[in-house]
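K.L.:
Sequence below, structure please.
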Amino acid sequence: MYFRIITLLFCSILIENVAHSQSDTLVPSSENVVTETIGPTVSVVYPKSIRSDKHNFVGTHHDYLNDSVLRQHANGNLADLLTRESHVFIKNYGPSNIATPSNRGGSSSQTSITWEGIDLQNRMLGQTDLSIIPNAFINAAFINYGNSTENLAGGIHLHTITALNQGFKVAGQLTYGSFYNTNAQLNLAYSGAKYGGSIRSFFRWGLNNFKYLDVNAFGQPKPKVNQEHAAVLQYGVLQENTFQVNKLNILEFKTWYQYSNRQLPPSLIQDTSTDVQLDQSLRSVLKWSALFPNQNLRLNTHHAATWDYLEFTNLGIDSESRILSIYNQADLQWQQYFPVSLSIRHLYANANSTGYEDLAQQHQFRFKWSVRPKFKKVFLRFQLQEDWVGGQWSLPAFQVGMNWFPKSFLAIKASAGHQYRFPTFNDLFWSNLGNPNLKPEYNWSLELGTALTVNIGNRHRLIWDNAIYSNWVRDWLLWRPDSQGAWRPENVDRVWSKGIETKLDWTCQINKKWKFRLHGLYNWNLAIRTGGSSANLLGKQLIYTPEHQGTLSAQLAWKQLGFVYQHQWVGNRFIDAVNTDDLPMYHLGNVEINYKQKIKASNLNFFVKIYNIFGHNYQVISNRVMPWQQLECGIRFYQ
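P.N.:
Next up is the predicted model:
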């Protein structure tokens with residue numbers, strides 16, 4: 001109630017200020033980037049259009065993946081990118097199957113994934129299949145490992161950006177690899193002083209008929225068999241437009257269409273599979289940004305609509321689902337001494353599915369207030385949020401964050417907060433099984449971290465980030481069988497997740513011809529049940545949550561020639577709730593050799609990659625096989 005009163009008072013003050021006329025003396029820069037100071041002598045360059053994302057991460061551990069990093073993974077999907085470049089654990093069911101994130105022991109539904117500010121989570125399932133999100137459509141990504149007011153287990157925020165004043169640009173990539181996997185991307189872009197636009201497209205096809213060891217077969221030695229029914233066809237197009245209307249107004253419009261048709265292969269406990277999954281989606285976003293310099297105000301409005309279609313078929317099932325979501329959001333920022341912001345969002349969503357008796361629909365209003373005081377060596381952030389969903393108000397969520405810079409090379413971060421997540425459509429509306437009386441999941445979180453940046457002369461740069469965290473979740477939502485054996489959703493458990501994350505990045509310019517980089521990530525995560533109706537589950541690690549996980553990459557460049565070796569290590573994962581059975585740890589080695597050639601204003605990059613070079617036999621998910629060595633070669637060009 002207090003937050004609603006504060007919101008109304010704040011709105012009345014801002015509306016009175018906005019009523020004054022605009023000034024034409026302030027000219028927003030049309031450059032693509034802005035340098036944001038994160039310490040007395042430390043700064044990071046972000047694209048201007050996404051700098052607001054950075055403000056949400058004060059006090060939390062996060063990574064920013066820029067265009068150069070994403071370009072190296074342009075032929076893959078978001079699951080591949082996060083597996084190799086982040087702390088996030090990916091529950092990967094195989095090359096042509098689904099892949100979902102697990103961050104700091106949270107479920108896939110607890111990690112928010114957005115593109116241009118709109119949720120990509122399926123409204124029915126509450127999760128996102130990362131295997132159908134192409135990296136070719138992304139050129140900036142924020143990965144927030146800590147919590148915010150909008151999620152319980154971090155967030156992944158994706159952006160597609162066209163800079164102004166860049167002229168005509170062409171970029172593309174063509175790759176061919178093992179198991180007939182073919183990938184192609186093309187990006188055509190033009191931008192002047194008043195307009196910037198691009199058309200991005202991608203195509204992927206493959207049979208994925210790799211050999212694997214059938215460890216469930218009787219007798220010795222175990223037979224080697226070919227994966228069957230695993231073909232995939234995907235394509236899509238993304239078109240974006242940016243208009244510099246005048247000195248104080250910018251308009252953006254972006255549309256993304258995608259098609260995916262996959263055969264879902266049998267698991268090791270199935271003889272055959274006839275499962276086929278068809279996904280189609282259409283997402284459109286309209287943004288308007290306006291400055292009111294006389295009143296120290298900035299107004300951003302955000303309008304979006306998404307349509308998702310899912311069809312699952314086999315010999316006995318033909319299931320269809322259609323989901324429509326419509327967003328309208330306004331963000332008003334007032335900066336006199338430090339930024340004070342108010343955000344109001346309305347979301348309408350409906351789903352029509354063969355699993356629902358009627359059309360499922362929901363209205364959601366979100367009110368968020370934030371303030372970011374900034375002093376010489378201390379940056380602070382306070383956020384307060386409340387949602388109205390289905391006629392009921394949530395408990396207020398809040399987040400307090402701090403970045404303290406005692407030295408020019410050292411940052412100390414801290415954050416604390418309270419968050420919530422509402423049940424999905426399936427949880428609430430599934431015919432005869434959904435429960436409309438489910439409660440939201442609630443979470444309390446604490447985090448403390450350090451960030452060390454050291455430059456030794458002009459040749460060495462060392463970045464060392466660390467974070468320790470603790471999350472307490474109550475009313476954890478799970479589907480489990482009732483007394484008649486029917487699976488139903490319930491608020492059953494309390495979970496405590498705690499851990500350590502560390503990242504080390506060392507670059508060395510040996511001389512004019514040689515350059516070396518070492519990049520490492522390590523996670524320790526203990527996610528255990530601390531409450532619930534089953535006493536034998538207390539103190540047990542959540543399933544498919546590795547306690548240990550790490551990545552180490554070494555890159556060596558000589559002139560235009562580059563060599564990369566990456567080693568991934570994932571610890572044991574329990575596959576049952578009582579922790580009696582687990583999947584063994586596995587090591588993977590990936591190798592890349594590339595050659596770069598510059599021709600006038602164009603860049604050519606020839607590369608060869610080998611994944612799982614040692615041919616390790618492993619499973620990420622029980623009874624879901626993964627390929628041995630995979631070879632991939634290609635050419636990339638960009639301006």
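
K.L.:
which stretches of the stretch 1-150 of the chain aren't confidently modelled?
P.N.:
Within the stretch 1-150 of the chain, the ranges that satisfy pLDDT under 70 run 1-56.

K.L.:
quick one: average pLDDT of the helix or strand that residue 445 is a member of?
P.N.:
For residue 445, the element it lies in under DSSP states H and E is strand 441-456. Regarding strand 441-456, the rounded mean pLDDT is 94.

K.L.:
now for that strand, which elements pack on it?
P.N.:
Other elements packing on strand 441-456 under the criterion 3 or more Cβ pairs under 8 Å, 6 or more residues apart in numbering; DSSP states H and E are strand 410-421, strand 460-481. C-beta coordinates here come from the backbone N, C-alpha and C atoms, glycine included.

K.L.:
can you pull the buried residues of it?
P.N.:
Of all the residues in strand 441-456, those buried under the rule 16 or more other Cβ atoms under 10 Å are 441-443, 445-449, 451, 453.

K.L.:
how much does it deviate in direction from strand 460-481?
P.N.:
An angle of 170 degrees separates the directions of strand 441-456 and strand 460-481 when computed by axes from the mean of the first three to the mean of the last three Cα atoms, to 10 degrees.

K.L.:
Indicate which one of the helices and strands packed on strand 441-456 is closest to residue 324.
P.N.:
Counting by Cβ to Cβ, residue 324 lies closest to strand 410-421 out of the helices and strands packed on strand 441-456; the figure is 21.3 Å.

K.L.:
any idea which element residue 363 lies in?
P.N.:
Counting by DSSP H and E, the element that carries residue 363 is strand 360-371.

K.L.:
residues in contact with that strand?
P.N.:
Applying Cβ atoms under 8 Å, 6 or more residues apart in numbering, the external contacts of strand 360-371 come out as 3-4, 6-7, 10, 55, 149, 338-353, 381-390, 425, 428-429.

K.L.:
Now the element after that strand, going C-ward?
P.N.:
Downstream of strand 360-371, the first helix or strand assigned by DSSP H and E is strand 378-389.

K.L.:
I'd like to know which elements that next one is packed against.
P.N.:
With contacts defined as 3+ Cβ pairs under 8 Å, 6+ apart, the packing partners of strand 378-389 are helix 2-18, strand 360-371, strand 397-407.

K.L.:
tell me the mean pLDDT over that strand?
P.N.:
The predicted model gives strand 378-389 an average pLDDT of 94.

K.L.:
go on, stretch 261-278?
P.N.:
Stretch 261-278 comes out with an average pLDDT of 94.

K.L.:
Same question for stretch 515-531.
P.N.:
This predicted structure assigns stretch 515-531 an average pLDDT of 95.

K.L.:
Flag every buried residue along that stretch.
P.N.:
Neighbour counts over stretch 515-531 (16+ other Cβ under 10 Å) mark 515, 517, 519-525, 527-529, 531 as buried.

K.L.:
now that stretch: how far from the chain's centre is it?
P.N.:
Centroid displacement of stretch 515-531 relative to its chain, using Cα atoms, centre = their mean, to the nearest Å, is 17 Å.

K.L.:
for residue 537, what are its contacts?
P.N.:
Listed by Cβ under 8 Å, 6+ apart, the contact partners of residue 537 are 493, 529, 577-578.

K.L.:
Now render those as CSV, adding distance to residue 363 and secondary structure.
P.N.:
Listed next are the contacts of residue 537 as CSV, based on distance: Cβ to Cβ, whole Å; DSSP: H, G, I helix; E, B strand; the rest coil:
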residue, distance to residue 363, secondary structure
493, 29, strand
529, 34, strand
577, 36, coil
578, 41, coil
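
K.L.:
Quick one, which of the contacts of strand 360-371 are buried?
P.N.:
By the neighbour-count criterion of 16+ other Cβ under 10 Å, the contacts of strand 360-371 include these buried positions: 3, 7, 10, 55, 149, 339-345, 347, 349-351, 353, 381-387, 389, 425, 428-429.

K.L.:
How about the contacts made by residue 378?
P.N.:
With contacts defined as Cβ under 8 Å, 6+ apart, the neighbours of residue 378 are 402-405.

K.L.:
can you list the residues that contact stretch 172-187?
P.N.:
Defining contact as Cβ under 8 Å, 6+ apart, one finds that stretch 172-187 is touched by 74-75, 95, 134, 136, 169-171, 198-210, 609, 627, 629-638.

K.L.:
Just give the closest residue to residue 404, not the sequence neighbours.
P.N.:
Beyond its immediate neighbours in the sequence, the residue positioned closest to residue 404 (Cβ to Cβ, 6 or more residues apart in numbering) is residue 412, lying 4.6 Å away.

K.L.:
And the strands in the stretch 251-400 of the chain?
P.N.:
The residue ranges that make up the strands of the stretch 251-400 of the chain, judged by DSSP state E, counting those that start in this stretch, are 276-292, 297-313, 318-335, 339-353, 360-371, 378-389, 392-393, 397-407.

K.L.:
in the third one, what counts as buried?
P.N.:
Burial within strand 318-335, assessed by neighbour count using 16+ other Cβ under 10 Å, is assigned to 321-323, 325, 327, 329, 331-334.

K.L.:
chain center to it: distance?
P.N.:
Taking the mean of its C-alpha atoms, strand 318-335 sits 17 Å from the chain's own mean (Cα atoms, centre = their mean).

K.L.:
pLDDT (mean, whole number) over that strand?
P.N.:
For strand 318-335, the per-residue pLDDT averages 94.

K.L.:
And that strand, what does it pack against?
P.N.:
With contacts taken as 3+ Cβ pairs under 8 Å, 6+ apart, strand 318-335 sits against helix 2-18, strand 118-119, strand 297-313, strand 339-353.

K.L.:
rerun that using 10 Å as the cut-off
P.N.:
In terms of contact count using 3 or more Cβ pairs under 10 Å, 6 or more residues apart in numbering; DSSP states H and E, strand 318-335 is assigned the packing partners helix 2-18, strand 118-119, strand 276-292, strand 297-313, strand 339-353, strand 360-371, helix 425-429.

K.L.:
in its sheet, what does it sit against?
P.N.:
Taking DSSP bridges as the criterion, strand 318-335 pairs within the sheet with strand 297-313 (antiparallel), strand 339-353 (antiparallel).

K.L.:
With the last one instead?
P.N.:
Paired strands of strand 397-407, with direction, are strand 378-389 (antiparallel), strand 410-421 (antiparallel) (DSSP bridges).
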